[in-house]
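Asks: The sequence isn't on hand, but the structure is:
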Ligand SMILES: Nc1ncnc2c1ncn2[C@@H]1O[C@H](COP(=O)(O)OP(=O)(O)OP(=O)(O)O)[C@@H](O)[C@H]1O
């Protein structure tokens, strides 16, 4: 269990997170949603100890992350940032580095097997020896996601891991994140902006608004009202055959725009 109690984050006298309380379980895919600037990335960074917390506690099992050193918690956490800096590494380098926290500089057969499987699962065969700085945003995202999962963390933190991917790749990556979370007992926390994917793939949804948690709910219990309140907009939500369909900010009571998809007759 990852337990966050009364967490506050403050940078340069500005409060970025206020009174965050969460209890997150292994095998759960937790998705954070919320408006721009709500504090979603800040929450991941606070858990990863990339930024200091001002007040409160984060603990995993018996370990108090608040007082533990970054080194001692790094073996539990893999963190994929929203923006990756240029690194001048190849794809293979990035994947191998992610196994070094277990095996040091000489990787074992087990590590090489894991890397091989990951290359297949994430479809990375075509750019193994390419410098990652020369790859497309989507290709790079898949590599960093693969590298985070290869670390076999207890806590997997992903900041908008699919934002550069096309729809098919988005779904493939979310399927993989979900599968790996279940198989490896990860506590996964990911930020997503795509609400339909969030509701479909998440076990739990964390709704963050204006530095605070508005709701923390099973994805199946999310209502139109909650989403309206989160984004200050109207919301329609339907479930069909286990798939959520979500429409935000649509009003069909006026003639400002007409979404009729009837074929117009242009014959003269
Ligand atoms: N180092 C910092 N110094 C000052 N303000 C910061 C810092 N980091 C983040 N903030 C501010 O904290 C707020 C929350 O930022 P954060 O990146 O967590 O938002 P977010 O919910 O992830 O947003 P987005 O959806 O736009 O990525 C924003 O107003 C941001 O400008």
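Replies: Yep, that arrived. Only a predicted model underlies this, so the values are computations on that prediction, with no experimental measurement involved.

Asks: Residues of this structure that sit close to the ligand?
Replies: Within the chain, the positions near the ligand by CB under 6 Å from any ligand atom are 11-12, 14, 16, 34, 36-42. For every residue, glycine as well, the C-beta is placed using N, CA and C.

Asks: From those, which land in helices?
Replies: If you go by DSSP state H, the residues of the chain next to the ligand have 40-42 in helices.

Asks: Would you convert the residues you listed into a markdown table that also reports pLDDT and neighbour count?
Replies: Compiled in a markdown table, these are given as follows (pLDDT from 0 to 100; neighbours: other CB atoms under 10 Å):
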| residue | pLDDT | neighbour count |
| --- | --- | --- |
| 40 | 98 | 25 |
| 41 | 97 | 20 |
| 42 | 97 | 19 |
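
Asks: What segments of the stretch 1-150 of the chain are helices?
Replies: For the stretch 1-150 of the chain, the helices defined by DSSP state H, counting those that start in this stretch occupy 40-47, 70-74, 91-103, 109-121, 137-150.

Asks: pLDDT weak spots in the chain?
Replies: Where the chain drops to pLDDT under 70, the residues are 250-268.

Asks: And the residue nearest the centre of it?
Replies: residue 190 (2.0 Å; CA atoms, centre = their mean).

Asks: Apart from its chain neighbours, what residue comes closest to it?
Replies: The shortest distance from residue 190 to any non-neighbouring residue, by CB to CB, 6 or more residues apart in numbering, is to residue 158 (3.9 Å).

Asks: The strand or helix carrying the one you found pairs with which strands, parallel or anti?
Replies: Counting by DSSP states H and E, the element that carries residue 158 is strand 155-159. Strand 155-159 has the following sheet partners, assigned by DSSP bridges: strand 77-80 (parallel), strand 187-191 (parallel).

Asks: C-terminal to that strand, what's the next element?
Replies: Scanning forward in sequence from strand 155-159 by DSSP H and E, the next helix or strand is helix 167-183.

Asks: Give me the contacts around that following helix.
Replies: With CB atoms under 8 Å, 6 or more residues apart in numbering as the test, helix 167-183 has contacts from 27-29, 121-123, 138, 141-142, 145, 149, 156, 158, 161-162, 165, 186, 188, 190, 194, 197, 200-201.

Asks: in it, what's buried?
Replies: 169-170, 172-174, 176-178, 180-181 (16 or more other CB atoms under 10 Å).

Asks: between those residues, which is nearest residue 237?
Replies: Nearest to residue 237 among those: residue 174, at 18.9 Å, using CB to CB.

Asks: now that closest one: how far from the ligand?
Replies: For residue 174, the distance to the ligand equals 18 Å [CB to the nearest ligand atom, to the nearest Å].

Asks: mind listing what residue 193 touches?
Replies: 33, 160, 163.

Asks: okay, now residue 158: neighbour count?
Replies: Neighbourhood size, residue 158 [other CB atoms under 10 Å]: 27.

Asks: Residue 153 now?
Replies: Using other CB under 10 Å, residue 153 has 21 neighbouring residues.

Asks: Do I have it right that residue 58 meets residue 2?
Replies: Yes. The pair residue 58 and residue 2 qualifies as a contact (CB atoms under 8 Å) at a distance of 7.4 Å.

Asks: which residues are in contact with both of the two?
Replies: Common neighbours of residue 58 and residue 2 (CB under 8 Å, 6+ apart) are residue 47.

Asks: hang on, the earlier thing: which of the strands paired with strand 155-159 is buried the deepest?
Replies: By mean neighbour count, with neighbours taken as mean count of other CB atoms under 10 Å, strand 187-191 ranks first of those at a mean of 25.

Asks: tell me what whichever helix or strand comes after that one is packed against?
Replies: Once the chain leaves strand 187-191, the next helix or strand it forms, by DSSP H and E, is helix 195-201. With contacts taken as 3 or more CB pairs under 8 Å, 6 or more residues apart in numbering; DSSP states H and E, helix 195-201 sits against strand 29-33, helix 167-183, strand 243-248.
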